[in-house]
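Engineer: structural data only, the sequence is not supplied:
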Ligand SMILES: O=C(O)CCC(=O)C(=O)O
């Protein structure tokens, strides 16, 4: 990774690395997103098979949409290969080392006109049970590959620069981050967060954003005529996490294989599905 991006990440809690994936590779990713969306829409309802989870939602503006998919890498070869791409390793290794597990593998999709918002939050809130996710500040990096242009109009992610240095904020744990308006500042003001400081992560297809586990981030509605798709993969120093799938062992990519590992779905062994979940 360019050293200026490392410095930017350390200083501001995020960075954008331009042009990591070529146009032809992005087209393959877009085709993979399309395949999975078609499968999700054909089922029509949220659906789980072990860690693979299709989250349908009734969007306030758009009606029923595929909001996100967890662990699509298990069911799509293109997405599986990209999650362990050496270019991702080159970005991650200077920050969190050479032995890396993966704890997030997610497609996020805001179709044209959808609200599909994420209120400002820190990813640390989702790293539970906490005893399984150690040394949060030094061990976790989230990455997002832009499939489409990410602009102000189509709901690019926004971050509050430097917020990672505040550590974990005492958020109201009952406040969800999904479907909370990005500009809902009520709770944040009491935490001393000035939402006017937020900056958008403007990206071209093939760019990668990285952000810290304590960086405040969210995203607004898609007011444009194009999709806003983001392929999110989150990694952790293996020694500091009991959960997750191996992604790189001493830098060597590890394909997903065998039985899925326990990550965030606590009922993996007792209620694996396949099943509709709403
Ligand atoms: O897709 C987005 O805009 C938001 C993603 C996000 O907030 C997250 O994955 O934690």
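Structural biologist: Sure, I can see it. The model shown is predicted, which means the values in this text are computed figures rather than measured ones.
Engineer: contacts for stretch 82-95?
Structural biologist: Stretch 82-95 has contacts (C-beta atoms under 8 Å, 6 or more residues apart in numbering) with 1, 5-6, 9, 17, 20-21, 25, 29, 73, 100, 102, 105, 141, 143, 145, 208, 210, 231, 233, 235, 247-248, 251, 253-256. All C-beta atoms are positioned from the backbone trio N, CA, C, and that covers glycine.
Engineer: let's see that with 7 Å instead.
Structural biologist: 1, 6, 9, 17, 20, 29, 73, 100, 102, 105, 141, 143, 208, 210, 231, 233, 235, 247-248, 251, 253-255 (C-beta atoms under 7 Å, 6 or more residues apart in numbering).
Engineer: how about stretch 12-32?
Structural biologist: Under the contact criterion C-beta under 7 Å, 6+ apart, stretch 12-32 has outside partners 1-2, 5, 8-9, 76, 78-79, 82, 87, 91, 145, 147, 159, 161-164, 201, 203-212, 215, 231.
Engineer: just the ones in helices from the residues you listed, please.
Structural biologist: 5, 8, 9, 78, 79, 82, 87, 91 (DSSP state H).
Engineer: so which strand or helix has the residue in the stretch 1-150 of the chain positioned nearest to the ligand?
Structural biologist: Nearest to the ligand, among the residues of the stretch 1-150 of the chain, is residue 108, at 3.6 Å (C-beta to the nearest ligand atom). Taking DSSP states H and E as the criterion, residue 108 maps to strand 100-110.
Engineer: do the same with residue 128
Structural biologist: Going by DSSP H and E, residue 128 is not in any helix or strand.
Engineer: for the protein, what lies in contact range of the ligand?
Structural biologist: 108, 118, 123, 157, 217, 218, 219, 230, 232 (C-beta under 6 Å from any ligand atom).
Engineer: poorly predicted segments of the stretch 51-200 of the chain, please.
Structural biologist: Along the stretch 51-200 of the chain, segments meeting pLDDT under 70 span 179, 185.
Engineer: in the one helix or strand residue 189 maps to, what counts as buried?
Structural biologist: Secondary structure from DSSP H and E places residue 189 in helix 186-190. Along helix 186-190, these residues count as buried under the neighbour rule (16 or more other C-beta atoms under 10 Å): residue 188.
Engineer: can you give me the offset of it from its chain's centre?
Structural biologist: Centroid displacement of helix 186-190 relative to its chain, using C-alpha atoms, centre = their mean, to the nearest Å, is 24 Å.
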